[in-house]
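Visitor: coords below, sequence missing:
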């Protein structure tokens, strides 16, 4: 509720053209009773938005920060908190995973926000989700696997237009590239846990994804890449990354910059 209130205030102030400064002042005012007036701004933001990663919080004070990004942060925090509340209800693991999956699918399908999905995907690239103050390590693993299930099998929802407006091409391409690395993490995760049935399911969902199709079309449309260039016979995240690098469409450094 606190962050939502600030979001509404900032939306009314966005015409000022200095959103970062406005945001910093608002955070300091809201948090002064908890941490005092001498705390550094980064610590303010960490306490103000505790259920997102450090990388996401850094984006909240960057030059390109805007209301859309803040809305994505608020939405992502609400999403994770809603899922965390499902734990500790005394249900079996099978029932818990089903409830988590159903809830996540409904919320992601309803939001259809570029910033929300981008932030969620970037947090799934982190070693652990930013819920350690709420969930124990075992429950965090359960939540992570459920989120992997969702982002791989629901990739079609990420490119569905919101209110009839197509996501900008650059945003969709960036989203697809981040999703590519998350998919690789997900497949490695379930393989290391010995769940080969889910490995096969993930690979099939990956190969049939509209985001993968978007990536392939983007690669083939780049200058110097011939349209007759063969795509991989077997679509895996690693194979697609190798294809992109081999066509000199992006460098490895470019990939790293994309997902940091």
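Guide: Ah, there it is. As the structure is a computational prediction, the values presented were derived from the model and not from experiment. Numbering: from 1, shown residues only.
Visitor: how about the helices in the stretch 1-150 of the chain?
Guide: Using DSSP state H, counting those that start in this stretch, the helices found in the stretch 1-150 of the chain span residues 2-13, 19-35, 41-48, 54-59, 67-84, 93-111, 114-124, 137-153.
Visitor: rank those helices by pLDDT, which is bottom?
Guide: Set side by side, the helices of the stretch 1-150 of the chain differ in mean pLDDT, and helix 2-13 is lowest with a mean of 53.
Visitor: excluding chain neighbours, what is closest to residue 93?
Guide: Distances taken as Cβ to Cβ, 6 or more residues apart in numbering put residue 142 closest to residue 93, at 7.1 Å, once the chain neighbours are dropped. No exception for glycine: its C-beta is placed from N, CA and C like everyone else's.
Visitor: which residues sit in contact with that neighbour?
Guide: 93, 96-97, 100 (Cβ atoms under 8 Å, 6 or more residues apart in numbering).
Visitor: can you select the buried ones among those residues for me in PyMOL?
Guide: To isolate in PyMOL the members of the contacts of residue 142 that are buried, counting by 16 or more other Cβ atoms under 10 Å, one can use:
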select buried, resi 96+97+100
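Visitor: ok, residue 77 - how many residues close by?
Guide: Summarising burial for residue 77: neighbours were counted as other Cβ atoms under 10 Å, giving 19.
Visitor: ugh, typo on my part, it should be residue 246
Guide: The local packing of residue 246 (other Cβ under 10 Å) involves 10 other residues.
Visitor: tell me the pLDDT at it?
Guide: The predicted local distance difference test score for residue 246 is 77.
Visitor: any idea how far it is from residue 174?
Guide: Distance of residue 246 to residue 174, given as Cβ to Cβ, to the nearest Å: 21 Å.
Visitor: can you check residue 91 too?
Guide: For residue 91, the distance to residue 174 under the criterion Cβ to Cβ works out to 38 Å.
Visitor: which of those two has more residues huddled nearby?
Guide: Ranked by neighbour count (other Cβ under 10 Å), residue 91 and residue 174 place residue 174 first, with 16 against 13.
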